[in-house]
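Peer 1: using only what follows, build the 3D model:
(2 chains)
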Protein chains: 2
Amino acid sequence: MDLQQMDQFAQSIIFEAGRRIREAFTYDLKVETKSDANDLVTNIDRETELFFIEKIKAFDATHKILGEEGMGEKVESLDGVVWIIDPIDGTMNFVKQHRHFMISIGIFVDGIGELGYIFDVMREDLFHAIAGQGAWYNDTPLRKLKAVPLKEAMIGINASWVAPNRRVHHEKVIELIRKIRGTRSYGSAAMEIAFVVSGKLDAYVSMRLSPWDIAGGTIIANEVGAIATNLHGQGFDFLHADTFIIANPSIHQELLENYIIPYE
Amino acid sequence: MDLQQMDQFAQSIIFEAGRRIREAFTYDLKVETKSDANDLVTNIDRETELFFIEKIKAFDATHKILGEEGMGEKVESLDGVVWIIDPIDGTMNFVKQHRHFMISIGIFVDGIGELGYIFDVMREDLFHAIAGQGAWYNDTPLRKLKAVPLKEAMIGINASWVAPNRRVHHEKVIELIRKIRGTRSYGSAAMEIAFVVSGKLDAYVSMRLSPWDIAGGTIIANEVGAIATNLHGQGFDFLHADTFIIANPSIHQELLENYIIPYE
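Peer 2: Residues are numbered from 1 along each chain as shown, chains lettered A, B, ... in the order given. Sure, this is the predicted structure:
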């Protein structure tokens, strides 16, 4: 497995997909409703996923593709080479804001995350990593994260989890937001993960994410020392939806022990 | 009063200030602590405010300047020409993220907001307006906002107001966030206001803002039909801190009547 070659190929199709998406803004978006009104999907999501599938299958037909839009094959194990792809993470931002949406890709080889990408399509900004070799923000190496005390932390968390809810003890979340420096919420998991690996946020928490939301980001996380787990402190299995936290290593354990407490 | 000439001058010094700020990132930031740990100020904030004061006084020494850093004269009325300036709105983003901070300027003539600017320094994106003549996002005219039903609204609100607090009935805010499509929080009032006037958000709410946070934005708001008031539905007086809401006209009243209820 030549990781450098695969990295070059992955970057080339990510940049090409980004160009196609930006051009597509000149046409009208056809917005449909998936399972509920908050889950928007557009023709561009699906076309972008198909674009990736065609390119990857032409590169190597043995590679498997697990994508948000479900246009690849059914993937039931991480054996072999598996691309986990979100063609547009932050679809609501895409539709309404025309910014703050990401292409997110993680490439696993026999279950090991080897290559990770988060691409801010409108800024043309790439966060990426090669396992064991480091991570980069465009051409600049990303540094290992420096420790931050919790009271100076800036954390990405949606306001929903501060209200009573069935997933997490909200009174503990309230304690947390009173203690830290500030919260942010951008509406794209991949964007918030990219911000954590580059030190622009110190943690990001979500009560339910899918493999394609986080696959690319967790591979980058490993290279900068960010810790990504589910809310029970276990590794994400990458074939199912789960809870999720990514944090600066100096606060990951403190967050899970004292502030982000799931009901089950 | 030649508004076109003043507009050209204002744009020229805003773009120049932006260049200076971007260049300053090559130097270390000297971060001090103002009244509390969450209220960061840097040497670049102050230098930028001084830059504006010098340029404006050279343009017309009779113009008054009310700035966040307090380096201009004491301004006690809006008589004559008054520039209300936030040299860097979103200082915490500036320090930690190196993006998502704005220059915000409103120019009042005898109490009337005539020229408004919000400049995203890192994107080099300018939202601006000339009273009665329209508003623009860079060179593109901003359209009048289209009505949006509350259940499809995306609202900028900080997670703090979902938790029990002394300013606003949080249980009503919880009802609100359960009803709408989503919330966002960017850590820059001017950025969130720029998003509302350009339809990227449908409302933005804050429990305490100062004139420089909102002066530029409210002038742009008038041109696109966004409604900006305090949380009692009254106009902001631009000389004192107050509560604040800016919203799409289709939901402004509904938000104030049913969901954003201040304690006093």
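
Peer 1: average pLDDT across stretch A:122-142?
Peer 2: For stretch A:122-142, mean pLDDT is 96.

Peer 1: now do the helices in chain A.
Peer 2: Assigned by DSSP state H, the helices in chain A fall at A:3-24, A:43-59, A:91-97, A:170-179, A:189-197, A:211-224, A:252-258.

Peer 1: just checking, what packs against the second one?
Peer 2: Packing partners of helix A:43-59 (3 or more Cβ pairs under 8 Å, 6 or more residues apart in numbering or on different chains; DSSP states H and E): helix A:3-24, strand A:64-67, strand A:81-89. (C-beta placed from N, C-alpha, C; glycine too.)

Peer 1: for the closest residue to A:Asn248 other than its chain neighbours, grab phi and psi.
Peer 2: Nearest residue to A:Asn248, sequence neighbours excluded (Cβ to Cβ, 6 or more residues apart in numbering or on different chains): A:Asp202, at 4.6 Å. Backbone geometry at A:Asp202, expressed as degrees, to the nearest 10, gives phi -100, psi -10.

Peer 1: show me what contacts A:Asp202?
Peer 2: A:Val148, A:Glu152, A:Ala153, A:Met154, A:Ile155, A:Val196, A:Ala247, A:Asn248, A:Ile251 (Cβ atoms under 8 Å, 6 or more residues apart in numbering or on different chains).

Peer 1: make JSON lines from those residues and add neighbour count, pLDDT and distance to B:Phe15 to it.
Peer 2: Putting the contacts of A:Asp202 into JSON lines (neighbours: other Cβ atoms under 10 Å in any protein chain shown; pLDDT from 0 to 100; distance: Cβ to Cβ, whole Å) gives the following:
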{"residue": "A:Val148", "neighbour count": "20", "pLDDT": "96", "distance to B:Phe15": "34"}
{"residue": "A:Glu152", "neighbour count": "14", "pLDDT": "95", "distance to B:Phe15": "33"}
{"residue": "A:Ala153", "neighbour count": "22", "pLDDT": "97", "distance to B:Phe15": "34"}
{"residue": "A:Met154", "neighbour count": "22", "pLDDT": "98", "distance to B:Phe15": "29"}
{"residue": "A:Ile155", "neighbour count": "29", "pLDDT": "98", "distance to B:Phe15": "34"}
{"residue": "A:Val196", "neighbour count": "27", "pLDDT": "98", "distance to B:Phe15": "32"}
{"residue": "A:Ala247", "neighbour count": "27", "pLDDT": "98", "distance to B:Phe15": "38"}
{"residue": "A:Asn248", "neighbour count": "24", "pLDDT": "98", "distance to B:Phe15": "36"}
{"residue": "A:Ile251", "neighbour count": "21", "pLDDT": "98", "distance to B:Phe15": "39"}
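
Peer 1: for A:Ala24, give me the pLDDT.
Peer 2: Predicted confidence (pLDDT) for A:Ala24: 80.

Peer 1: can you tell me which residues in the stretch 151-264 of chain A are near chain B?
Peer 2: A:151-152, A:154, A:157-160, A:162-164, A:174, A:177-178, A:181-187, A:195, A:199-200 (Cβ under 8 Å from any Cβ of the partner chain).

Peer 1: spatially nearest residue to A:Thr243 (excluding sequence neighbours)?
Peer 2: Here the residue nearest A:Thr243, using Cβ to Cβ, 6+ apart, is A:Leu231, at 3.9 Å.

Peer 1: related to what we said a few turns ago, tell me which two of the contacts of A:Asp202 sit farthest apart.
Peer 2: For the contacts of A:Asp202, the maximum inter-member distance is 14.7 Å, found between A:Glu152 and A:Val196 (Cβ to Cβ).

Peer 1: how close does A:Phe141 sit to B:Arg19?
Peer 2: Not Phe; residue A:141 is Pro. 27 Å (Cβ to Cβ, to the nearest Å).

Peer 1: low-confidence ranges, the stretch 1-150 of chain A, go.
Peer 2: A:26-41 (pLDDT under 70).
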